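Asks: got a predicted structure plus its sequence, pasted below:
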Amino acid sequence: MAQDQQLSINSKYRQHRIGEQLLGITVYSSVFISCCAFSLTIEAYKLAGLPISLPLAVFVFLATLFTYNLSSVYSFIRRPHQQKYKSGSEWWQRNKKLLAIVGAVSIAGAAGVYLYFDLSINMWVILHLAVISVGYTVPVVYKSKRVRPLRKIPLLKVFLIAYVWAVVTAMFPLLDAGVEVMDQDALFLLLRRFLFILALALLFDIRDYAYDRSKNTLTIPGLIGVRYTKLLSLVLLVLYVGLAMVSEGGEVQRALMASALIAAGVVIFSDEHKPRIYYALLADGAMLLHAGLVYLAFS
């Protein structure tokens with residue numbers, strides 16, 4: 001009997017470890033959020049009435065995967081022989097080497113897709129986003145002085161995130177298809193995407209509220225408080241719904257409004273004490289659900 005109980009305990013422990021590894025690989029390696037970027041890119045093609053380019057969507061997936069693992073790549077470039085974290089540490093801390101490898105492979109894959117499929121995105125557009133993405137994480141050394149990364153600049157972080165995501169997932173498909181991005185419909189799509197991502201990005205400032213305060217980094221919650229940051233996020237979603245009502249109709253409009261309502265629910269129940277997985281699955285998942293609802297609207 002005791003042996004059977006021990007076997008059952010060992011089996012449950014192995015299942016727990018496997019589950020933790022799968023969760024880590026999917027969420028903490030940024031595969032999940034890269035899938036969100038992939039899905040929003042596909043959605044942009046649908047909203048614009050354009051043929052879907054899978055190579056461009058794959059490029060966005062790989063570029064996102066690299067960007068979100070850039071800190072691990074940078075960490076290993078600086079300290080290739082750094083000490084391993086103990087088993088009780090966070091998954092991403094224990095697997096920094098794996099994440100660095102994922103980042104390196106993904107940027108190589110993104111470059112390969114861009115060149116092989118000859119994507120029609122101006123290199124200067126990509127370059128300025130790359131500067132923002134790298135500068136967001138990696139501090140710059142100028143005249144022997146270390147300049148803080150962009151994410152440390154007061155109040156700037158969420159706006160950079162929303163801008164990059166809006167351009168990559170909404171403008172890239174239009175540029176690749178040769179659409180005039182200054183067209184009214186294109187601008188509505190870009191602005192809607194910016195507002196939606198900004199509303200969700202504010203939640204991550206709420207998540208990091210205590211950490212940012214300890215590092216003397218001024219963020220929106222640090223300036224106006226968590227409660228008013230949530231209110232600001234809801235106001236942005238209301239503006240998003242208003243734009244959706246004047247720029248879309250029928251099933252698509254209802255899908256966009258439903259996605260905003262679900263995102264509002266995530267905002268309302270968020271606070272600085274929620275675990276990281278809440279934000280990783282629900283806040284990021286709101287983007288995936290957004291794309292899914294729009295896709296179903298066209299079915």
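Replies: Everything's here; your move. Computed from a prediction, not measured in an experiment: that's the story for all the values here. Numbering: from 1, shown residues only.
Asks: centre-most residue in the chain?
Replies: residue 33 (5.0 Å; Cα atoms, centre = their mean).
Asks: for the stretch 1-150 of the chain, which segments count as helices?
Replies: Using DSSP state H, counting those that start in this stretch, the helices of the stretch 1-150 of the chain run over 2-23, 31-48, 54-68, 70-78, 91-94, 96-116, 123-137.
Asks: show me what whatever helix or strand residue 277 lives in is packed up against.
Replies: Remark: residue 277 resides in helix 276-278, with elements defined by DSSP states H and E. In terms of contacts (3 or more Cβ pairs under 8 Å, 6 or more residues apart in numbering; DSSP states H and E), helix 276-278 is not packed against any helix or strand. Every C-beta, even on glycine, is put in place using the N, C-alpha and C of the backbone.
Asks: need the helices of the stretch 1-150 of the chain in a markdown table with mean pLDDT, can you?
Replies: Compiled in a markdown table, the helices of the stretch 1-150 of the chain are given as follows (pLDDT from 0 to 100):
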| stretch | mean pLDDT |
| --- | --- |
| helix 2-23 | 53 |
| helix 31-48 | 96 |
| helix 54-68 | 96 |
| helix 70-78 | 78 |
| helix 91-94 | 64 |
| helix 96-116 | 92 |
| helix 123-137 | 88 |
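Asks: picking that back up, name the residues of the helix holding residue 277 that are buried.
Replies: Of the residues in helix 276-278, those with enough neighbours to count as buried (16 or more other Cβ atoms under 10 Å) are residue 278.
Asks: could you identify the helix or strand that succeeds it?
Replies: Sequence-wise, the next helix or strand downstream of helix 276-278 (DSSP H and E) is helix 284-297.
Asks: ok, longest helix in the chain?
Replies: Using DSSP state H to define each element, the chain has its longest helix at helix 184-207.
Asks: which elements pack onto the next helix-or-strand element following that helix?
Replies: For helix 184-207, the succeeding helix or strand toward the C-terminus, using DSSP H and E, is helix 209-214. Packed against helix 209-214 by the contact rule (3+ Cβ pairs under 8 Å, 6+ apart) you find helix 220-224.
Asks: what does the helix or strand just after the helix it packs on rub up against?
Replies: Under the assignment DSSP H and E, the closest C-terminal helix or strand after helix 220-224 is helix 226-247. For helix 226-247, contacts defined as Cβ atoms under 8 Å, 6 or more residues apart in numbering pick out 185, 188-189, 191-192, 195-196, 198-200, 202-203, 205-206, 209, 220-221, 224, 253, 256-257, 260, 263-264, 267-268, 270-272.
Asks: so where's the stretch 101-250 of the chain uncertain?
Replies: Where the stretch 101-250 of the chain drops to pLDDT under 70, the residues are 140-147.
Asks: returning to what we had before: what angle separates the longest helix of the chain from helix 226-247?
Replies: Interaxial angle, helix 184-207 versus helix 226-247 (axes from the mean of the first three to the mean of the last three Cα atoms, to 10 degrees): 170 degrees.
Asks: how about the residue nearest to the centre of the chain: what's its closest non-neighbour residue?
Replies: When the adjacent residues along the chain are set aside, residue 33 lies closest to residue 284, with 4.9 Å between them (Cβ to Cβ, 6 or more residues apart in numbering).
Asks: what residues are up against that neighbour?
Replies: With contact taken as Cβ under 8 Å, 6+ apart, residue 284 is in contact with 32-33, 36, 200.
Asks: can I get the residues you listed in TSV with distance to residue 96?
Replies: Conversion of the contacts of residue 284 to TSV gives the following (distance: Cβ to Cβ, whole Å):
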residue	distance to residue 96
32	18
33	18
36	23
200	26
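Asks: most neighbours among the residues you listed, please name it.
Replies: Using other Cβ atoms under 10 Å as the neighbour test, these are led by residue 200, with 29 neighbours.
Asks: could the helices of the stretch 1-150 of the chain go into CSV alongside distance to residue 151?
Replies: Formatted as CSV, the helices of the stretch 1-150 of the chain follow (distance: least, Cβ to Cβ, whole Å):
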stretch, distance to residue 151
helix 2-23, 25
helix 31-48, 16
helix 54-68, 12
helix 70-78, 10
helix 91-94, 17
helix 96-116, 17
helix 123-137, 5
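Asks: related to what we said a few turns ago, now, of the contacts of helix 226-247, which are buried?
Replies: When burial is judged by neighbour count using 16+ other Cβ under 10 Å, the buried members of the contacts of helix 226-247 are 188-189, 191-192, 195-196, 198-200, 202-203, 205-206, 209, 220-221, 253, 256-257, 260, 263-264, 267, 270.
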